[in-house]
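In: below are the sequence and a predicted model; questions follow.
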Amino acid sequence: MRTLLCLCVFALALAAIISPSRAPADDKDGFTKLFDGKSLDGWTFIVKAGKDGKKADPKDTWSVVDGYIRCTGKPNGCMVTKNEYSDYLLKVKWRFPANSKGGNSGVLLHVQNDNYWPTSVEAQLASGRAGDFWLIYPPDCKLEVDPKRQDPKEARHYFRLPTKEPVEKKFGEWNEYEITCKGGDVTLVINGVKVNEGKNGNLKKGKIALQSEGTEIHFKDVMVKKLP
C-alpha cells in the first residue's frame with residue numbers, strides 16, 4: 001500500500017511538472033505580450049514618405065536592442081499592431097535616452113487607418129507633457145475631456161491633470177503607462193498616478209500604435225489585458 005501511495009504521489013508531481021497549472025509566460029495575470037523582447041513580430045510599420053515620394057526602410061527606424069524597442073524618431077510614422085483591440089488595459093514602459101534632451105512620441109489608441117498620423121486617440125509621451133490627450137483628428141476622433149483643460153491654442157489638445165509632484169522620471173529611467181480603454185472611455189495613469197480621463201469617445205475599437213516623432217525613444221514591456 002505504501003509503495004502504491006508513493007507511486008501515486010510521484011505520478012501527480014510528474015504531471016504537475018509536465019503540465020503546470022500556472023499561466024504561460026506571455027499571459028501572466030491575464031496580460032498578453034505585444035512585444036516579446038526579441039523581435040517585432042505582430043507589428044506593421046507606417047512611414048512618412050520623403051519629398052521624393054519614397055519611403056524609408058522601417059528597419060532603419062525601429063529595432064530591438066538589449067530587450068527593448070529602439071525608435072530613432074526619423075522619419076515620422078508609427079509601428080502598429082496587426083490585431084485590433086477593444087475594452088482593454090494596456091501597459092507600456094518608455095524612456096528617452098539618458099544623454100538626450102527628451103523629445104516627442106505617443107501611444108495611439110483605437111487606430112483606424114494606415115495614415116502616418118492615423119485616426120486615433122493619442123496618449124501623449126512628449127517629455128514634460130506625458131499624459132496629455134491629442135485627438136487625431138476631429139471630427140473623425142471625438143472624446144469628451146474637461147473643457148477647462150483644453151488647450152486654447154489647439155482645440156484637439158487636452159492637458160493632463162495637475163499633480164503635486166512630477167509624474168515623469170529622469171531621462172534614462174523607465175516610465176510606465178497604464179491605459180484603460182472601456183467602451184468610449186479612456187483613462188491614463190503614469191507611474192501609478194492618474195493623469196487624464198476622457199469619456200464617451202466615438203472610437204471604441206482599433207489597433208494600437210507607438211509613434212516615431214523626431215527624437216529617439218525606447219519602449220519595453222508592452223502588454224494588453226482584455227477587460228470584461
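Out: Arrived safely.
In: name the helices or strands packed onto the top strand by length along the chain?
Out: Longest strand in the chain, counting residues (DSSP state E): strand 217-226. Contacts defined by 3 or more Cβ pairs under 8 Å, 6 or more residues apart in numbering; DSSP states H and E place strand 217-226 against strand 31-33, strand 68-71, strand 88-95, strand 207-212. The way it works is simple: take the backbone N, C-alpha and C, and place the C-beta from them, glycine included.
In: hmm, who's touching that strand?
Out: 29-35, 37, 65, 67-71, 73, 85, 87-97, 103, 105, 125, 174, 176, 208, 210 (Cβ atoms under 8 Å, 6 or more residues apart in numbering).
In: can you flag the buried ones in these?
Out: Buried members of these, scored by 16 or more other Cβ atoms under 10 Å, are 31, 33-35, 68-71, 73, 85, 88-96, 103, 105, 125, 208, 210.
In: quick one on the thing from earlier: in TSV: the helices and strands packed on strand 217-226, plus mean pLDDT and distance to residue 155.
Out: As requested, the helices and strands packed on strand 217-226 are exported to TSV (pLDDT from 0 to 100; distance: least, Cβ to Cβ, whole Å):
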stretch	mean pLDDT	distance to residue 155
strand 31-33	97	35
strand 68-71	98	28
strand 88-95	98	26
strand 207-212	98	21
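In: tell me how far the closest residue to residue 227 other than its chain neighbours lies from residue 106.
Out: Spatial nearest neighbour of residue 227, excluding adjacent residues (Cβ to Cβ, 6 or more residues apart in numbering): residue 87 at 4.6 Å. Computed as Cβ to Cβ, to the nearest Å, the residue 87 to residue 106 distance reads 21 Å.
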